[in-house]
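Q: Okay, here's the prediction I keep looking at, along with the sequence it came from:
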Amino acid sequence: MQKSKNLVKHLVLFSMVDKRRMPSSSSRILAAALAIFMACIFLPVSHAQLSSSFYDDSCPGLSEIVLTVVMQAQILDPRMPASLIRLHFHDCFVDGCDGSVLLDDSEDIVSEKSANPNKNSARGFDVIDDIKSAVEAVCPGVVSCADILALAAEASVSLSGGPSWDVQLGRRDGTTANKDGANNNLPSPFDALDTLQSKFAAVGLNDVDLVTLSGAHTFGRAQCKFFSSRLYNFSGTESPDPSLNPSYLMELEENCPNGGDGTTLNDLDPTTPDAFDGNYFFNLVNGQGLLQSDQELYSDSSASTTATIVDSYANNEDSFFDNFAVSMINMGSISPLTGSDGEVRTNCRQVNES
Ligand code: HEM
Ligand SMILES: *[C@@H]1O[C@H](CO)[C@@H](O)[C@H](O)[C@H]1NC(C)=O
C-alpha cells in the first residue's frame, strides 16, 4: 500500500517534470505515465525477481543481525552509515548489484577498489565483513554479499533518522569485478548535469532518482580535492563558483587552503553532518551544495527539471523520504543476478573456490 502510494507520487512528479520540458506532448506523456502506473499496480513485474521475503525461511532474523552490526559500527564511527550506503551505490552502478565492489585483487580479479571513485575513498569493507561473519554464523552459505550491501544501506539510513523500507532480496554474487566499469559508469563530482543524467539513465534511473538519491549527501564526508576547484579556479575562471553561498565559500576556503593537501574531510551537509534528513535540499536552495554535482542540480542553467524536484523536497521532507525509499529500491534492482546465476560468496572479498 505504502509502496504504491510512493509510486503514485513518483509518477506524478515525473509527469509533472516532463510536462515542463515538453509542453506540446504533455497529454501523450500523461497517458504514458498512466499506463505505466496501471502496469505497476496490476503487474508488479519491475522487481519481480527480488522479494522482501526471500530469506524468511532460510535466514530468519537476518535484518536484525545486519541492524545490530551497523548500530555497533555507528557507535564507534558516526560516519560509517554514510560510508556503507555509498558502497551499495558503487556496487549497483558497476555491472549491477552483484557485490563486485567488495572483491579484492587476486590472480583473476582486478579489484574495483583501485578505481578512481573508490581509491582512498570507499570505506566500510571491514563492517561488511563483520556483518557477513555474523550472518554466516547463523545461516551459512545462504545470504549473498550483494544483499548484505542492500540491507546495510537501509539500516544505515534508518539508524540515522531517515526512512525505512522493505529491502528487496534474492541477489546473487558475481564472480567478476570491473575496474573500467567503476571508472566509467560511476558519476564524478566534476560531471556536468547532462553527464550525470546520462550515467543514471544508463542504469535505468531517471531525473527523480538522480535528485532523490543525491539526497544521500545529507550525511558523510568529502575530501577537499573533490571540490576545491570550486573555491579558487572554477572552470578555469580563476575565481570561485558563482553558485556558492559567500559565507559557505569562506568556511570551505578555511578548511581547504589553496594548494593544500586535498585529503581534509568536510561535512557534505554542514547543518546536520551525521543525520539523514532533508537538509541537503535546503542547502542546495541556499547555495550550500558541497560538490559541483550537488549544486548544479539546482543552479545549472539547464537545471529546470531537476531544480523543480529540489524545490519540492526543500519544502517537504516527507516526500523526500517516501521517494528515497522508492529510488533506493530502484537502484537496488539494477541487473541483479538471480536464480542459479552467480553464487553466494563465503567471503565477500573473494569468489568461492571451485
Ligand atoms: C549523483 C552523483 C554522485 C556523485 C558525483 C557523487 C560523488 C561523491 C564524492 C566525490 C564523495 C566524496 C568521496 C570522498 O571524499 O572520498 C561522495 C560521498 C558520498 N556519497 Fe556520493 N556521489 C553521487 C551520488 C551518490 C548516491 C546516489 C549515493 C547513495 C545513494 C551517494 C552517497 C554518498 C555518501 C553517503 C557519501 C559520504 C561517504 C562517507 O562519508 O564515507 N552518493 N560522493
Ligand atoms: C585555472 O584553471 C585553468 C584551466 O584549468 C588553468 O589553465 C589555469 O592555469 C588555472 N589557474 C591557476 C591560477 O591555477
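A: Good, I have the coordinates. Numbering: from 1, shown residues only. Ligands and ions are numbered 1, 2, ... in the order given.
Q: List the residues that contact the residue nearest to Gly332 when sequence neighbours are not counted.
A: Using CB to CB, 6 or more residues apart in numbering and skipping the chain neighbours, the partner closest in space to Gly332 is Ala150 (4.9 Å). Placement of C-beta: from N, CA and C, glycine included. Neighbouring residues of Ala150 by CB atoms under 8 Å, 6 or more residues apart in numbering: His88, Cys97, Val167, Gln168, Leu169, Arg171, Gly332.
Q: surely the second one meets Arg172?
A: No - the pair Cys97 and Arg172 fails to qualify as a contact (CB atoms under 8 Å) at a distance of 10.0 Å.
Q: Between those two, which contacts overlap?
A: Common neighbours of Cys97 and Arg172 (CB under 8 Å, 6+ apart) are Ala146, Pro336.
Q: Just want to know which of the two has more residues nearby.
A: Cys97 (29 against 21; other CB atoms under 10 Å).
Q: burial count for the residue in the chain positioned nearest to ligand 1?
A: Proximity to ligand 1, evaluated over the chain using CB to the nearest ligand atom, is greatest for Gly220 at 2.4 Å. Counted with other CB under 10 Å, residues neighbouring Gly220 total 24.
Q: what's the pLDDT at it?
A: As predicted, Gly220 sits at a pLDDT of 98.
Q: In contact with it, which residues?
A: Contacts of Gly220 (CB under 8 Å, 6+ apart): Arg79, Ala82, Ser83, Arg86, Asp267, Leu268, Pro273.
Q: Let's see which of these end up in strands.
A: Residues of those located in strands (DSSP state E): Asp267.
Q: any idea which of the contacts of Gly220 is closest to Lys179?
A: Of all these, Arg86 has the smallest distance to Lys179: 17.5 Å, by CB to CB.
Q: give me the number of residues near the closest one?
A: Arg86, neighbours per other CB under 10 Å, totals 22.
Q: And for the one 10 residues further on?
A: Taking other CB under 10 Å as the criterion, the count of residues near Gly96 is 19.
Q: Need the three-state assignment for it.
A: coil (DSSP: H, G, I helix; E, B strand; the rest coil).
Q: If we ignore the residues flanking it in sequence, what's nearest it?
A: Closest to Gly96 by CB to CB, 6+ apart is Ser335, at 2.9 Å.
Q: before we move on, what about Met71?
A: Leu159 is the one closest to Met71 (CB to CB, 6+ apart), at 5.9 Å.
Q: before we move on, back to that, filter the contacts of Gly220 down to just the ones in helices.
A: Ala82, Ser83, Arg86 (DSSP state H).
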